[in-house]
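Student: Turn this into a structure:
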Amino acid sequence: MTESDRDGDDGVTRTTRETRLLETFVTLADTLVAGFDTIDLLQMLVDRCVQLFDATDAGIMLDNGRGELEVIASTSERSRLIGVLQLGAGEGPCVEAYAAGRAVSVSDVSELVDRWPVFAARSAESGYAAVDAVPLRLRDTSLGSLNLFRERTGALSRADTDAVQALADVATISILQERVLRQTDVARDQLQRALDSRVVIEQAKGIVSYTLDVDMDEAFKRLRDHARSQRLRLSDVATAVVEKRLRL
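Tutor: Sure, this is the predicted structure:
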């Protein structure tokens, strides 16, 4: 195999990655039906982005319908907390990608101090060295941001940034299809259900973490693994744990 057939240092071939990328687009397209679970969709998206774009972690922030962002999906507790820190500071690359409706790239954390000093001070111990954020947008409306975090410096290539943006665009269309856009109340309710589901998932993570004496990342992994093995919605598994109908 020639060097040109490889992508990155992990030895994953370009052909393999392109196949995975196409599979992700197909999976997103499959959600263009009634009854899909928004949380599952967004969690799948952040998981795939970590695999596809050599990121350490990924997360999604979503507008709660009142002009306020909330962390709705993440691949680790660390990436969730980084999102929360940005929301608390009211600034940061992920917040800017949403507000400006464009991709924001930070190739080295030293850039944070000049651009977002409050967030930089609060996130100094995160361990992330670079961040790339793209908006979840529909036409001129931005609904949130899809964010990739890496432990080494450097920025996504233009081609990878375009691919991440394309995934974010398809995910946004999946959430707010034309039939939903024609029914504002339905769209608002669907987004609110996703946000409510995230609260229950956080509660379930805490319960599993305490009960099994594991950290929050491991607790979430066990919830997700159970949901996938039983072909259940993550939010339904979390609800069963909170209501003490399920023990992991």
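Student: all contacts plus neighbour counts: C-alpha atoms, from now on.
Tutor: Fine.
Student: ok, now which ones touch residue 141?
Tutor: residue 101 (Cα atoms under 8 Å, 6 or more residues apart in numbering).
Student: Could you tell me what pLDDT the model assigned to it?
Tutor: Per-residue pLDDT puts residue 141 at 79.
Student: What's opposite it in the beta bridge?
Tutor: Per DSSP bridges, the residues bridged to residue 141 are residue 138.
Student: packing partners for the longest helix along the chain?
Tutor: Using DSSP state H, we find that the single longest helix of the chain is helix 184-212. Applying 3 or more Cα pairs under 8 Å, 6 or more residues apart in numbering; DSSP states H and E, one finds that helix 184-212 makes contact with helix 38-52, strand 69-74, helix 178-181, helix 216-229, helix 234-242.
Student: looking at those, which is buried most?
Tutor: Most buried of those, by mean neighbour count (mean count of other Cα atoms under 10 Å): strand 69-74, with a mean of 23.
Student: in the very next helix or strand once past that one, what's buried?
Tutor: Counting by DSSP states H and E, the next helix or strand C-terminal to strand 69-74 is helix 77-89. By 16 or more other Cα atoms under 10 Å, the buried positions in helix 77-89 come out as 78-80, 82-87, 89.
Student: So which bits of the helix or strand following helix 77-89 are buried?
Tutor: Later in the chain than helix 77-89, the nearest helix or strand by DSSP H and E is helix 93-100. By 16+ other Cα under 10 Å, the buried positions in helix 93-100 come out as 93-99.
Student: gap between the longest helix of the chain and the chain center?
Tutor: 14 Å (Cα atoms, centre = their mean, to the nearest Å).
Student: orientation of that helix relative to helix 216-229 in degrees?
Tutor: 120 degrees (axes from the mean of the first three to the mean of the last three Cα atoms, to 10 degrees).
Student: Show the average pLDDT along helix 184-212.
Tutor: On average, the pLDDT along helix 184-212 is 82.
Student: Now residue 75. Its backbone dihedrals?
Tutor: Backbone torsions for residue 75, taken as degrees, to the nearest 10, come to phi -90, psi -10.
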